[in-house]
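**Student:** no FASTA, just this:
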């Protein structure tokens, strides 16, 4: 049976960065893998970020959102059936930060997937710089994704200056366990459930641990559906601005508190002869050329003011078809 891993984490936690490292490990070992980007949103920019992994032994597939939950579930199952028939060594699934964990487990218990796939590891990425108090919806997602994980992996640990790694881990564990309590989950995580180290120092022993982390069948109260939480993601489409204005624009939006509490801005913008990929967090902004793209910026966070972000973009934008949703 093909092992299938799920890599979860709330919006902006660092799932795609971890997936790049995790997938690269399998590729370097010569294993035949597939990556399935299972995004509930309307546009999947992370798929573009992963293009550099594409090679003879790494297949990239995606599920575009823009549909209702039932349609999205059918598309997910259809993709898994296709991948199951191709006999990969491992399939890695990265869902959106807005994800119903039941979808993953329920579908894999349906025929014929129950004969082809074996759940390997559920790995949940948690940002070491996570706010002490998230919105009620984000607290729910944090708890629901941690409830079933085999390992909790701490991201952005190198950005923490006033704590040791152990102190940061204990702080995050306390937060996660409080989120579990809020959804009436009996599970409580301990330091044995967490990996807290610089990702640049991951070695073969760490990746072996990830591959064999397993998962837990924990129960909890489902307080929200993915449709309830879509307001945390906004799309700004048909953008065409001067290349030199892109980085300053991103910085202004990120630093403008009236735009909301922004976790991440990602997307791609057209330039003469190609495209630029944008991937920005509070810590840094990365802009680099790519072969393909869509003229869109996706803003992720809490309390986002779409109108205020419009005010930053529109004076610079030359595309008359600009729209934000």
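**Tutor:** Alright, I've got the coordinates. Computed from a prediction, not measured in an experiment: that's the story for all the values here. Numbers count the residues shown, from 1 in each chain.
**Student:** Do a quick rundown of the strands in the stretch 101-250 of the chain.
**Tutor:** 117-127, 151-155, 194-195, 233-237 (DSSP state E, counting those that start in this stretch).
**Student:** Which residues does the second one contact?
**Tutor:** Meaning strand 151-155. Identification of contacts with strand 151-155 by C-beta atoms under 8 Å, 6 or more residues apart in numbering yields 9, 13-14, 17-18, 121, 123-128, 146, 165, 168-169, 172-173, 176, 189, 193-197, 199, 209-210, 213. To be clear about C-beta, it is placed using only N, CA and C from the backbone, and glycine gets the same treatment.
**Student:** same thing but 6 Å
**Tutor:** 13-14, 123-128, 193-196, 213 (C-beta atoms under 6 Å, 6 or more residues apart in numbering).
**Student:** possible to save those residues as CSV with neighbour count and distance to residue 90?
**Tutor:** Putting those into CSV (neighbours: other C-beta atoms under 10 Å; distance: C-beta to C-beta, whole Å) gives the following:
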residue, neighbour count, distance to residue 90
13, 28, 22
14, 19, 20
123, 26, 13
124, 29, 18
125, 27, 18
126, 26, 23
127, 22, 25
128, 20, 27
193, 18, 22
194, 20, 23
195, 19, 19
196, 21, 25
213, 20, 13
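**Student:** for those, which one is nearest residue 299?
**Tutor:** residue 13 (16.0 Å; C-beta to C-beta).
**Student:** The closest one and residue 318, how far apart?
**Tutor:** Taking C-beta to C-beta, to the nearest Å as the measure, residue 13 and residue 318 are separated by 34 Å.
**Student:** Would you mind identifying the next helix or strand past the strand or helix carrying residue 7?
**Tutor:** If you go by DSSP states H and E, residue 7 is part of strand 2-8. Going down the chain from strand 2-8, the next helix or strand is helix 15-28, by DSSP H and E.
**Student:** circling back to that earlier point, need the contacts of strand 151-155 in JSON lines with distance to residue 137, can you?
**Tutor:** Below are these laid out as JSON lines (distance: C-beta to C-beta, whole Å):
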{"residue": "13", "distance to residue 137": "15"}
{"residue": "14", "distance to residue 137": "19"}
{"residue": "123", "distance to residue 137": "22"}
{"residue": "124", "distance to residue 137": "17"}
{"residue": "125", "distance to residue 137": "18"}
{"residue": "126", "distance to residue 137": "16"}
{"residue": "127", "distance to residue 137": "16"}
{"residue": "128", "distance to residue 137": "21"}
{"residue": "193", "distance to residue 137": "24"}
{"residue": "194", "distance to residue 137": "24"}
{"residue": "195", "distance to residue 137": "26"}
{"residue": "196", "distance to residue 137": "26"}
{"residue": "213", "distance to residue 137": "26"}
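**Student:** I'd like those residues as CSV, with distance to residue 248 and pLDDT appended.
**Tutor:** Converted to CSV, the contacts of strand 151-155 look like this (distance: C-beta to C-beta, whole Å; pLDDT from 0 to 100):
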residue, distance to residue 248, pLDDT
13, 26, 86
14, 25, 86
123, 36, 98
124, 35, 97
125, 30, 96
126, 31, 96
127, 25, 91
128, 28, 92
193, 42, 97
194, 38, 96
195, 37, 96
196, 35, 95
213, 42, 97
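**Student:** pLDDT-wise, which helix or strand of this structure ranks last?
**Tutor:** One helix or strand of the chain scores below all others by mean pLDDT, DSSP states H and E: helix 46-49, with a mean of 63.
**Student:** Please report the number of neighbouring residues for residue 112.
**Tutor:** Other residues near residue 112 number 11, with proximity taken as other C-beta atoms under 10 Å.
**Student:** And it, how close does it get to residue 77?
**Tutor:** In terms of C-beta to C-beta, residue 112 sits 10 Å off from residue 77.
**Student:** likewise residue 233?
**Tutor:** 23 Å.
**Student:** the more surrounded of the two?
**Tutor:** Higher neighbour count among residue 233 and residue 77: residue 233, with 23 against 17, using other C-beta under 10 Å.
**Student:** hang on, that one packs against residue 300?
**Tutor:** Yes: using C-beta atoms under 6 Å, residue 233 is in contact with residue 300, at 5.5 Å.
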